[in-house]
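Visitor: Turn this into a structure:
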Amino acid sequence: MERGGSGGTAGHGEDGGTDRGADNATARGVDGDVDRGVDVCVVGAGPVGLTLAIGLRRLGLGVRIVDAAPETKREARALVLWARAREALHALGVGGVLDEHGVELSAVTVHARGRPLGELTTGWAHSAFARPLNIEQHVIERLLAGELAGLGTRVEWNTAVTDVKVHDDRAEFTLRHGDGRVESGSAPWIVGCEGTRSVVRDRLGIAFEGHRRTGLQVVQGNALPTWPLAEEPGRGHIFLAPRRALLVFPLPDGGYRFFCFRDDPDPSLGAAPTLDELRDLVAETARMPGLRLAPAPSRWLNRARFSDRVAARLRSGRGLLAGDAAHAWAPVGGHGMNVGVLGAHNLAWKLAAVHRGEAGDALLDTYDAEQRLMALRYIREMRFNFMELPLPPLAHRAFTATVPAALARTGFRRRLDLRLSDLGRHHRDGPLSAHVPGTGRGPGARAGDRMPDASVVPAEPGPGARGPGETVRLHRLLAYGTWTLVLHAARADTVTLGALRAACATVPFPVRLLPVTPADARAEAALGAPAELRLVRPDGYVGLVAPLGGVERLREYLAARAAGARAVGRV
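Guide: Numbers count the residues shown, from 1 in each chain. Got it, this is the predicted structure:
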């Protein structure tokens, strides 16, 4: 989860202090001077806030990012980046540095009653980053803060937001610094990413709807085990027992994260577990009475209880919400941080387009609709994740009896891996998804789907391709912040390309034409029928599926995206 607290989300940058870089001008103080050079104030420097700030900076906006926590605070917290979040971070140019500090999870052995039931395998999906990456949250925060500093913006630590007011043309906010100094500031936009107890959400008057989970607690910690299991790089374990589910994943710096969902016999117990308590819990669940645990290099022990909540809306005028300020749930499935990162990836290009006057204000409402629906779906689906939820004895016995046969089936392992990867998550019901009747019936991506990372040969060299005739992954040819019109090169004659270019030239935002040739049968299926075009959004999802000759439908779709576009100057 993103760190809660009324002031901000804790994280770690490469440098502390209140220097915001050359692009960030002096904020408005008590004398009332207006901020210059700040387009967006991001509150909370956790993974979501940092991802959003990086996306905005990549698109040329000035960003101020503040966090109430001191720079020195460190907590491990979230651990796994799934495939789709990894793709998003690579699209923002920061995935590589995270890969260098993580370990890919290749297989997970499932155990019950002291014996293995089978294994889950990863990497089935067609993506350059198909396997989940184990990397602890505090490391992600440190690395992302360093990347953001390289873009000219540094996190302002020990800086809490205490009040927010939004107006038609700006958001005003009050900051309290660690030395007690109070500062007033303003920016055209403010985004709260500071956790479940968000001040931004509270001041915007947005309800945090949902309820507290009862009968469930999570006891977790990092430790070095002495046990009979062989040490295999990239292998994790799941141990199933009545009223308990124990997940064990390898850590990049040595040892394992032990993550136990269990019943909650004493809800008043709130203190972090001791290493001995964790050892006893693991030993009993895994049926290893001789187990010993020693502290891992990254020490962390935690006990947590959770609520399932989603903000009633993610936008109020010039104020927006992301991450745990927008939605939070029990970490069953380990997708909370990932959904937040994907939300930041969804929001940054939309906010930049509206601010630059390339799109109408309604584009930001599509973020609200798409992200809320994604969060609600996760909450609903995770209630049936019996591989991780603690089950009573009879249900546990019935479920584990089905596991060996299921894990023995290749199709089941493939489908489960795809589901965990988030690559199959879509926005088909979202307001930006449209297809012309009669199209999108074949195997190609539908409107709202993630555009598959197919192997293709671009018709001409350009961004992501080094030369003519080179086979590349399609995602290398997509650029964050740019719409891309993907079509079969075999149908890209001069007349067709001219008509498409003319349609794309009618809108104020960039649209790139990308004729490609599928390199194999998988790519041919992914690209859909040769007589169709697919307009891919800046965040990699298909917006429109239309006939190649249906230029008027393309023109209408683009015009709808640009409706209400106007120049939006800085405050």
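
Visitor: pLDDT-wise, which helix or strand of the protein ranks last?
Guide: Ranked by mean pLDDT, DSSP states H and E, the weakest helix or strand in the chain is strand 434-435, scoring a mean of 88.

Visitor: Just after it, pick out the following helix or strand.
Guide: Scanning forward in sequence from strand 434-435 by DSSP states H and E, the next helix or strand is strand 455-458.

Visitor: Direction included, what does that following strand pair against?
Guide: Sheet pairing for strand 455-458, assigned by DSSP bridges, gives strand 472-473 (antiparallel), strand 511-518 (antiparallel).

Visitor: And the contacts of it?
Guide: Identification of contacts with strand 455-458 by CB atoms under 8 Å, 6 or more residues apart in numbering yields 464-465, 469-474, 477, 489, 514-520, 522-523, 527. In short, each C-beta sits where N, CA and C put it, glycine included.

Visitor: Send over that strand as CSV, restricted to the C-alpha atoms.
Guide: These are the backbone C-alpha positions of strand 455-458, laid out as CSV (Å, rounded to 0.1, in the frame of the first residue of the first chain):
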residue,chain,number,x,y,z
SER,A,455,6.9,-8.5,-33.2
VAL,A,456,6.6,-6.3,-36.3
VAL,A,457,8.7,-4.8,-39.1
PRO,A,458,8.0,-1.1,-39.4
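
Visitor: Buried ones in it, by neighbour count?
Guide: S455, V456, V457, P458 (16 or more other CB atoms under 10 Å).

Visitor: Tell me how far the second one lies from L533.
Guide: Spelled out, it's V456. V456 sits at a distance of 14 Å from L533 (criterion: CB to CB, to the nearest Å).

Visitor: Could you do H327 as well?
Guide: The gap separating H327 from L533 is 34 Å, by CB to CB.

Visitor: try L301
Guide: 54 Å.

Visitor: Determine how far stretch 223-236 lies from the middle of the whole chain.
Guide: In terms of CA atoms, centre = their mean, to the nearest Å, the centre of stretch 223-236 is found 29 Å from the chain centre.

Visitor: hang on, I meant stretch 46-63
Guide: Mean-position distance between stretch 46-63 and its chain equals 13 Å (CA atoms, centre = their mean).

Visitor: I'd like the mean pLDDT over it, please.
Guide: Taken as a whole, stretch 46-63 carries a mean pLDDT of 98.

Visitor: Kindly report the same for stretch 372-389.
Guide: 92.

Visitor: Pull out the buried positions in that stretch.
Guide: R372, M374, A375, Y378, I379, M382, F386, M387, E388, L389.

Visitor: Need the phi and psi values for A502.
Guide: When read as degrees, to the nearest 10, the backbone of A502 gives phi -60, psi -40.

Visitor: so after whatever helix or strand E119 lives in, what's the next helix or strand?
Guide: E119 belongs to strand 115-121 when assigned by DSSP H and E. On the C-terminal side of strand 115-121, the closest following helix or strand by DSSP H and E is strand 133-134.

Visitor: Determine the longest strand present in this structure.
Guide: strand 217-226 (DSSP state E).

Visitor: and the residue of the chain most remote from its centre, which of the three is it?
Guide: In the chain, V495 marks the outermost C-alpha relative to the chain mean, sitting 40.2 Å out by CA atoms, centre = their mean. Secondary structure, DSSP: H, G, I helix; E, B strand; the rest coil: V495 is helix.

Visitor: What of the one 4 residues further on?
Guide: When the structure is reduced to helix, strand and coil (three-state DSSP), A499 reads as helix.

Visitor: before we move on, the earlier item: can you name every helix or strand that the longest strand of the chain contacts?
Guide: strand 256-262, helix 275-286, strand 292-295, strand 301-304 (3 or more CB pairs under 8 Å, 6 or more residues apart in numbering; DSSP states H and E).

Visitor: most tightly surrounded among the ones you listed?
Guide: Highest mean neighbour count among the helices and strands packed on strand 217-226 (mean count of other CB atoms under 10 Å): strand 256-262, with a mean of 22.

Visitor: which helices and strands sit right next to that one?
Guide: strand 217-226, strand 244-250, helix 275-286.

Visitor: Now tabulate those in CSV and tack on mean pLDDT and distance to L558.
Guide: Shown next, in CSV, are the helices and strands packed on strand 256-262 (pLDDT from 0 to 100; distance: least, CB to CB, whole Å):
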stretch, mean pLDDT, distance to L558
strand 217-226, 96, 46
strand 244-250, 96, 44
helix 275-286, 97, 55
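
Visitor: Can you lay out these as JSON lines showing distance to G442?
Guide: Formatted as JSON lines, the helices and strands packed on strand 256-262 follow (distance: least, CB to CB, whole Å):
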{"stretch": "strand 217-226", "distance to G442": "44"}
{"stretch": "strand 244-250", "distance to G442": "38"}
{"stretch": "helix 275-286", "distance to G442": "47"}
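
Visitor: and F129, which of these is closest to it?
Guide: strand 244-250 (17.2 Å; CB to CB).

Visitor: Counting by contacts, list what the closest one packs against.
Guide: Under the contact criterion of 3+ CB pairs under 8 Å, 6+ apart, strand 244-250 touches strand 235-241, strand 256-262, helix 275-286.

Visitor: now do 10 Å
Guide: strand 103-104, strand 107-112, strand 217-226, strand 235-241, strand 256-262, helix 275-286 (3 or more CB pairs under 10 Å, 6 or more residues apart in numbering; DSSP states H and E).

Visitor: Tabulate the ones you listed (JSON lines), appending distance to A149.
Guide: Below are the helices and strands packed on strand 244-250 laid out as JSON lines (distance: least, CB to CB, whole Å):
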{"stretch": "strand 103-104", "distance to A149": "25"}
{"stretch": "strand 107-112", "distance to A149": "36"}
{"stretch": "strand 217-226", "distance to A149": "27"}
{"stretch": "strand 235-241", "distance to A149": "33"}
{"stretch": "strand 256-262", "distance to A149": "28"}
{"stretch": "helix 275-286", "distance to A149": "35"}
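
Visitor: what's the closest of those to A503?
Guide: strand 103-104 (42.1 Å).

Visitor: Give the pairing partners of that closest one; include direction for each.
Guide: Strand 103-104 is paired, per DSSP bridges, with strand 133-134 (antiparallel).
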